[in-house]
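Colleague: need a 3D model of the following:
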Amino acid sequence: MNRRSLTALAFALLALPLLGGSNDESIKAQGKGSYTTRRPESVEAPSARIYKSDRIEGAIPTNQWWSSLAWEPFSSNMFPHPLAMICTEAGLAVSNPGAGIDSASGHIMGGGVSSNGDIVIGLSDVDAFASTLLADYSSWFVTAEFVGKRSRLEASFGHGSPFVYCRQSAGKPRLRFAEKPIVWSVSEAGNTIGLTVRGSHYGLFGATGSHWSGTDGVEFECNNANDYFSIALLPDNEPETLELFAKYAHNHVVDSKVTFASADGHIEASYRFVTKAMQGAATGTIFSMYPHQWKYSDVRLNGMSYRSVRGTMKVAEGEGFTTSIPIQGVLPMLPGQGVADRERMARYLQDELVDIAIEYGDTYWEGKHLGKLATLSGIAEVAGEKKLQEQFIGEIRRRLENWFTATPDETSPLFYYDSNWGSLIGAKPSYGSDSQLNDHHFHYGYFIRAAAEVARLDPAWADDWGPMVELLIRDIASADPSDSLFPATRCFDLYAGHSWASGHAKFADGNNQESSSESMNAWYAMMLWGAATGNKELRDNGMFLYNTERTAIEEYWFDVSGTNFPEDFSNVALGMIWGGKGAFSTWFSGDIDCVHGINWLPFTPASIYMGRHPDYVKKNHDRIVERRPNGNDYNTGWGDLVIMFSALSDPKSAAEYFDSTPNCKVESGNTHAFMYHWIQTLNRLGINDASVTADHPFVNVYLNEGNRTYAVYNFQKVPLTVHFSDNTIVEAAPNGLTVKPKHAANR
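Modeller: Predicted coordinates:
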């Protein structure tokens, strides 16, 4: 399972040349850039203690559903679904969070998790474990090691699995129940039991030759005939179900992994549970799938299911499953047809020069400024304002080169590498991006996108400064399990289908993510950087992350099909996804514009994905206007974002509003220039037509009164032929944007 070598890490750091001949060994050169291994005063170090076993080497994963396991002596609540658990002194407390889901408060709340759980898995000779350690991990599974004076208990669990697989080094397995369970099935040999506790059904599985005792009380022990056993959450209390789960109970999941490829305008992803048969020769396991998975898979389901705060999880058997999701095309800039009035656009662009060279901010606010400049560059290009574009690009270069250069005794702006955890930290940090390793994908996505915009126009700059850009990419989404500096896919949860923002996940509700749209911005940036530099692997990895997270946003933040939110849930979207709940709130404001808008910003050309379901866009917009303190007075709050979102369904009304209020208030990461370009592109060319895919990822298809317009960006130096699923073919000119005029959609 994804281990890294500390020896390789040390070698990689020492092998890097020093910048400019400096004898300061803390400065590590990367192309023309550099970073430091000496922590600046502005950076607060993450915890020095990592709770891991000696088997774990190299960079430590953070920003996962189980991250608290590595940050704390035991853990906070963890929500792999369909189970939930917490590591305690007594052992692993396991609960069924789907047993009680309530949305009366305006949030979607799952069943409670406590140190008592439904069941606490421990050992007969240990009253209190000294700690738990991260013992092993893979893409969506983890192993916790409970440390006693003479005994060890290992428990493995993960996303989609109803099982907890256990190994013990001494003592007997001991299960303590929150209340006296109802035992409804005991196998003839006594090693398999079906029971119900607090309304949830579980199976207990000892090795062949084992026997559970104490079954008339609240504490069971197993005279285990071997060093392994397991428990499982059951969908029901039917004997046939217990028998089915017993078939797979001793096939321990020892690895989990996903592979993907693009074909025919879709991402084909294969999710695999790798099992080891502890007894017998059976293969495979029982697993449950989230809605964003089973809706896009043809795997054979067995009719069983679990409730969760994400919606219904459906059950299947085997070694895994595949999904096929349509690729949403993106562009580095919107077409020039959206520049309806060039003089008006030129004024908007000129206005942005006033504050172009603001003081350097922390990594988040600096990132927002860089993202704004990248968007303005593309607008200036299609508007024919070459000199303005040069000014925007020049400022991006200046700022990035400063950030990408570290010098002795400098405090900021620069990047610092923390070798203890294996993470690149920007200085100045913000929102816990240093001590808690929070939000790196939010912050660095802006930097990567700005760098991609420069690289698109100046490949030589990318050659010089690209090594620093790719360090940022590796920090948030390294695709290499053996990366000597960074963990694989730090911020993205491969099974849950979306990212997590907290580095440590030390919350009662598990990990969380607020701004799904800033996560999408990072994966969009990866696509652009990969395409601009000819790195197909980075481009495709960004494409996989972008499109996978898109499906999760549609299901869990927006519930576009109305199948996942409880029927009595009073809102049409969520502001934050937590492991154990869905919250109609943000970290910073309860204002309705912010709750919705934090999952829209930054508006970029890639924000087109939010318009794949125009009926939902209208429903969302109408609910916001209904509840906004100022209704449809969009010149208040984040009204500019509300009207831009509404343009994905009704661009004509949005254009009329903006024409009547051409200098309306805009959110700090937005500009009048892009607001104008966005609205007029949708108004003149049409809304996003999600029914059409292409064999090239850098496309948009617009639908306007039954007619389609096709836009293709070609990063190559030679012409490119792009095939669309409606049999349209576009011959795209080199190094630029090609727009094919409208064609009737029904031909």
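Colleague: isn't there a strand covering residue 80?
Modeller: No. Counting by DSSP: H, G, I helix; E, B strand; the rest coil, residue 80 falls outside a strand, being coil.
Colleague: tell me how far it lies from residue 634.
Modeller: Separation of residue 80 from residue 634 (Cβ to Cβ, to the nearest Å) stands at 42 Å. C-beta here means a position set from N, CA and C on the backbone, and glycine is covered the same way.
Colleague: again with residue 621
Modeller: Counting by Cβ to Cβ, the gap from residue 621 to residue 634 is 11 Å.
Colleague: ok, now residue 218?
Modeller: Distance of residue 218 to residue 634, computed by Cβ to Cβ: 59 Å.
Colleague: so for the two, which sits in the more crowded spot?
Modeller: For residue 218 versus residue 634, the count of surrounding residues by other Cβ atoms under 10 Å is larger for residue 634: 24 against 13.
Colleague: now do the more buried one, the pLDDT please.
Modeller: On the pLDDT scale, residue 634 is placed at 96.
Colleague: what does residue 15 give?
Modeller: On pLDDT, residue 15 comes in at 36.
Colleague: for residue 79, same thing?
Modeller: pLDDT, residue 79: 98.
Colleague: swap in residue 747?
Modeller: According to the prediction, residue 747 has pLDDT 50.
Colleague: make residue 1 into 13 and carry on from there
Modeller: Done: numbering now begins at 13, and the last item shifts to residue 759.
Colleague: ok, residue 558 to residue 238 distance?
Modeller: Residue 558 sits 46 Å away from residue 238, going by Cβ to Cβ.
Colleague: if you could redo that for residue 92, that was the one I meant.
Modeller: Separation of residue 92 from residue 238 (Cβ to Cβ) stands at 25 Å.
Colleague: who's the residue minimising distance to the centre of the chain bridged to?
Modeller: With distances taken as Cα atoms, centre = their mean, the chain has residue 511 as the residue nearest its mean C-alpha position (1.6 Å). In this structure, residue 511 bridges to residue 504 when assessed by DSSP bridges.
Colleague: wait, what's in contact with residue 44?
Modeller: When contacts are counted by Cβ atoms under 8 Å, 6 or more residues apart in numbering, residue 44 touches 413, 416, 417, 476, 477.
Colleague: nope, residue 711 is what I was after
Modeller: Residue 711 is in contact with 341, 343, 722, 723, 724, 725, 734, 736, 742, counting by Cβ under 8 Å, 6+ apart.
Colleague: what's the closest of those residues to residue 621?
Modeller: Closest approach to residue 621 among the contacts of residue 711 (Cβ to Cβ): residue 341, at 9.4 Å.
Colleague: if I look at the nearest residue to that closest one once chain neighbours are set aside, how far off is residue 160?
Modeller: Excluding the flanking residues, the one nearest residue 341 by Cβ to Cβ, 6 or more residues apart in numbering is residue 711, at 3.6 Å. Remark: distance between residue 711 and residue 160 (Cβ to Cβ) = 58 Å.
Colleague: cool, residue 130 as well?
Modeller: Taking Cβ to Cβ, one finds residue 130 at 23 Å from residue 160.
Colleague: same question for residue 441.
Modeller: Residue 441 sits 38 Å away from residue 160, going by Cβ to Cβ.
Colleague: looking at these two, which one has more neighbours?
Modeller: When residue 441 and residue 160 are compared for neighbours, residue 441 comes out ahead with 25 against 21, by other Cβ under 10 Å.
Colleague: if we can go back for a sec, bridged to the residue nearest to residue 341, which residues?
Modeller: Residue 711 has these beta-bridge partners by DSSP bridges: residue 724.
Colleague: now the one 4 residues further on
Modeller: Taking DSSP bridges, one finds residue 699, residue 720 as the beta-bridge partners of residue 715.
Colleague: more neighbours, residue 558 and residue 238?
Modeller: Set residue 558 next to residue 238 and count neighbours by other Cβ under 10 Å: residue 558 wins out with 25 against 15.
Colleague: state the pLDDT value of that one.
Modeller: Taking residue 558 on its own, its pLDDT is 98.
Colleague: and for it, nearest residue in space, chain neighbours not counted?
Modeller: Excluding the flanking residues, the one nearest residue 558 by Cβ to Cβ, 6+ apart is residue 535, at 3.7 Å.
Colleague: contacts for the strand or helix carrying residue 257, please.
Modeller: Secondary structure assignment for residue 257, by DSSP states H and E: helix 251-260. With contact meaning Cβ under 8 Å, 6+ apart, helix 251-260 is reached by 174-175, 197, 199, 204, 206, 215, 217, 244, 246-247, 294, 296-298, 316, 329.
Colleague: buried only: go through these for me.
Modeller: 174-175, 197, 199, 204, 206, 215, 217, 244, 246-247, 296-298, 316, 329 (16 or more other Cβ atoms under 10 Å).
Colleague: among those, which are in strands?
Modeller: Residues of the buried ones among the contacts of helix 251-260 located in strands (DSSP state E): 175, 197, 204, 206, 215, 217, 244, 246, 297, 298, 316, 329.
Colleague: any chance of those residues in TSV with pLDDT and distance to residue 188 as columns?
Modeller: Formatted as TSV, those follow (pLDDT from 0 to 100; distance: Cβ to Cβ, whole Å):
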residue	pLDDT	distance to residue 188
175	98	19
197	98	20
204	98	19
206	98	18
215	98	17
217	98	17
244	98	17
246	98	19
297	98	26
298	98	25
316	98	27
329	98	30
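Colleague: which two of these lie the greatest distance from each other?
Modeller: Based on Cβ to Cβ, the longest span within these runs between 197 and 297 and measures 20.9 Å.
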